[in-house]
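# Based on what follows, work out the 3D shape:
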Amino acid sequence: MNQSDEIREFCKKHYIDTARLSGVKTVRIRVGDVHDGLKYMNRHSAVASALGSAEFESMCNVKKTAMEGHMNTEKAVFVYEIL
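The predicted structure is shown next:
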């Protein structure tokens with residue numbers, strides 16, 4: 001599994017699947033939270049890239065509705081609608 005796959009799997013398990021089970025329709029994922037959760041160092045851009053990918057949307061059956069903040073920083077937040 002490459003790093004992008006690891007990021008997408010982590011986010012699916014910890015954010016998308018949890019929200020779906022709770023009946024939540026919108027999920028906000030902060031790059032810094034994912035980065036810290038995976039215990040990465042200096043990989044904010046990799047996290048943002050994985051979260052911004054069409055592959056993540058397809059894998060999780062979500063649609064990105066917004067991206068707040070600067071793309072490659074820990075404060076960037078991706079907002080998804082659960083389909």
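
# Excluding chain neighbours, what is closest to Ile16?
Cys60 (4.5 Å; Cβ to Cβ, 6 or more residues apart in numbering). Yep, even glycine has a C-beta here, placed from its N, CA and C like the rest.

# typo on my end, it should be Glu68
In space, Glu68 is closest to Val77, 4.4 Å off (Cβ to Cβ, 6+ apart).

# Next up, the contacts around the most centrally placed residue in the chain.
Residue closest to the average C-alpha location in the chain (Cα atoms, centre = their mean): Leu51, at 4.2 Å. Leu51 makes contacts with 7, 11, 29, 31, 34, 78, as judged by Cβ atoms under 8 Å, 6 or more residues apart in numbering.

# As a check, name the ranges of all helices in this structure.
3-11, 17-22, 31-37, 44-51, 54-60 (DSSP state H).

# ok, back up a step: quick one: contacts for the residue nearest to Glu68?
28-31, 66-69.

# from these, which two are the most distant?
Pairwise distances across these peak at 13.7 Å for Val31 and Ala66 (criterion: Cβ to Cβ).

# Report the set of residues contacting both of these two.
77-78.

# number of nearby residues for Thr65?
The number of residues packed near Thr65 is 11, by other Cβ atoms under 10 Å.

# again but with Ser49, I slipped
Neighbours around Ser49, by other Cβ under 10 Å: 17.

# What score does the residue lying closest to it once chain neighbours are set aside have for pLDDT?
In space, not counting the residues next to it along the chain, Ser49 is nearest to Ser4; the distance is 7.0 Å by Cβ to Cβ, 6+ apart. Looking at Ser4, its pLDDT stands at 96.

# close enough to count as contact, Ser4 and Val47?
No: Ser4 lies out of contact with Val47 (Cβ atoms under 8 Å); the separation is 9.3 Å.
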